[in-house]
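Participant: no FASTA, just this:
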């Protein structure tokens, strides 16, 4: 059997097998677009190569022509897959490509023209020949050369995208450049095949794709993925082997850490201790940059092959602005907390003095002045209670009580607060409609503040001669609603939505407005809700909705 014949069959058979065996590796690529594009390319080239094998060894001329046509169609499909792969690999969304529908239309048009070639013979004609070995010779027509030229233009666009990415990353992408170049070499055999006596006028690009697939997926897979990852941004990046030795780095990393220059093969912890110390505990790295420090977030991306870690990519993101803002917030929070403690302490002390002196006046005032003195005492108590509300509010946002909700006894806390307000507001009537169920809700130690603020609010803003407050607790499968109704002036509809807002006050009241805001903030932290309704015949009903602890656990 002729060696040239065996050589042609062998080249395309090996190309098909190489692409086919590379598919499992291609499926492991993490980037979806790159993975889809490369798999489509490998499948197209596999069918393309097998089509040529069928053309060479087919037993009949119709079967040879059919095999050649199938290979020819998938060759054009491989061009589309190549561009898709290059676009995805270099961060250009293929589906957002301009004129995408036009390109799909052109592709389908050429597929139809290839399938109908027996009628117009614009792509190729056939005749039997014995040079350089017995075979069904293909004589290419004008449409073939037009399609080939158009394909090379499109392929060239893909190469341009790859080379641009290789240059942009600043990493050592020379092996990938060599592989990409090898992919293009067989184009010479395709173009000049008719002038070389020992070559058939076929397209030999499958051999280049096979070399590219084996090289990138079996030899340089880590570098292949590193170039893609580092090219997606201008952030400094360092590629390490399993022993944390430097394999590669981009220009941005070398500019930030000059000691990386010529450091390939050395442990990163010895070259750049700042990076080495953060490999197993990624976090914010502070670098002294003269007058001001720079802050960088260290993150790592592992590379695995067959379940075995083969290296990792260290990305260094500049978070100086974010870190400066965070530290500024921390400093201001500490200052506000300190100011809060000092001011509350001073207010409580001064109000205690005022209350003490007011109490000493009790035996010395006549009945007409007693009412005014009682008001002074009540206002003093209110200011002292207000400082406690402020403390609870601050703690709910940033203090030790800003913790995750957990099962909390609703009945115990609600009964305790009811007893407290009964003592504080002897002139008011407090009733419980029915029984308070023994149920745990999602909350924390701040739950009493919710009930205390609503109960006190129902009395303080009440304009009735005898304030009446009714507490009703309703259970559903997953929720508990605590309804606190009063016989006060009620809340107009236009204020119902914003009554819980920051700084909102009751109707014509001198209150601070912080109490209801605290109620809403806390119930929101608990995963619940709070709102206000109309009472019948007058007054308002404040509703607090809380999640049952057992319902949360079952979900």
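Facilitator: That came through, no problem. Note that the structure is a prediction, hence the values are computed from the model and not measured. Numbers count the residues shown, from 1 in each chain.
Participant: tell me the SS of the nearest residue to residue 2 once chain neighbours are set aside?
Facilitator: Leaving aside its sequence neighbours, residue 2 sits nearest to residue 133 (CB to CB, 6 or more residues apart in numbering; 4.0 Å). Backbone N, C-alpha and C define where each C-beta goes, glycine included. Under DSSP: H, G, I helix; E, B strand; the rest coil, residue 133 falls in the coil class.
Participant: show me the contacts for residue 133.
Facilitator: Contacts for residue 133 (CB atoms under 8 Å, 6 or more residues apart in numbering) come out as 2, 4-5.
Participant: Show me which helix runs longest in the chain.
Facilitator: Counting by DSSP state H, the longest helix found in the chain is helix 320-360.
Participant: model confidence over it, on average?
Facilitator: The pLDDT scores in helix 320-360 average 82.
Participant: same deal with stretch 461-470?
Facilitator: Over the span of stretch 461-470, the pLDDT mean works out to 93.
Participant: Would you mind measuring from residue 103 to residue 337?
Facilitator: Separation of residue 103 from residue 337 (CB to CB, to the nearest Å): 62 Å.
Participant: likewise residue 114?
Facilitator: Relative to residue 337, and taking CB to CB, residue 114 is found at 76 Å.
Participant: So between those two, which is more surrounded?
Facilitator: residue 114 (21 against 14; other CB atoms under 10 Å).
Participant: about what we covered before: any of the contacts of residue 133 buried? List them.
Facilitator: With burial judged by 16 or more other CB atoms under 10 Å, the buried subset of these is residue 5.
Participant: Now, the contacts of residue 133 that are in helices?
Facilitator: Among the contacts of residue 133, the members found in helices (DSSP H) are 4-5.
Participant: Now tabulate the contacts of residue 133 in CSV and tack on pLDDT and distance to residue 467.
Facilitator: CSV is the format used below for the contacts of residue 133 (pLDDT from 0 to 100; distance: CB to CB, whole Å):
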residue, pLDDT, distance to residue 467
2, 80, 110
4, 87, 108
5, 89, 106
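Participant: got the contacts of residue 133 as TSV, with distance to residue 56 columns?
Facilitator: Formatted as TSV, the contacts of residue 133 follow (distance: CB to CB, whole Å):
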residue	distance to residue 56
2	11
4	11
5	7
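Participant: Looking at the contacts of residue 133, which is nearest residue 68?
Facilitator: Nearest to residue 68 among those: residue 5, at 15.6 Å, using CB to CB.
Participant: Let me know the closest of the contacts of residue 133 to residue 65.
Facilitator: Closest approach between the contacts of residue 133 and residue 65, by CB to CB: residue 5, at 18.1 Å.
Participant: contacting residues for the closest one?
Facilitator: Per CB under 8 Å, 6+ apart, neighbours of residue 5: 56, 133, 135.
Participant: can you redo the residues you listed as a markdown table with pLDDT?
Facilitator: Listed next are the contacts of residue 5 as a markdown table, based on pLDDT from 0 to 100:
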| residue | pLDDT |
| --- | --- |
| 56 | 93 |
| 133 | 84 |
| 135 | 88 |
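Participant: Show me how the protein divides into domains.
Facilitator: Domains of the chain are assigned by automatic domain parsing as 3-229, 234-318, 331-402, 404-555.
Participant: Can you lay out those domains as a markdown table showing distance to residue 325?
Facilitator: Formatted as a markdown table, the domains of the chain follow (distance: least, CB to CB, whole Å):
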| stretch | distance to residue 325 |
| --- | --- |
| domain 3-229 | 27 |
| domain 234-318 | 11 |
| domain 331-402 | 11 |
| domain 404-555 | 22 |
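Participant: rewinding a little: distance from the longest helix of the chain to the middle of the chain?
Facilitator: Offset of helix 320-360 from its chain centre (CA atoms, centre = their mean, to the nearest Å): 38 Å.
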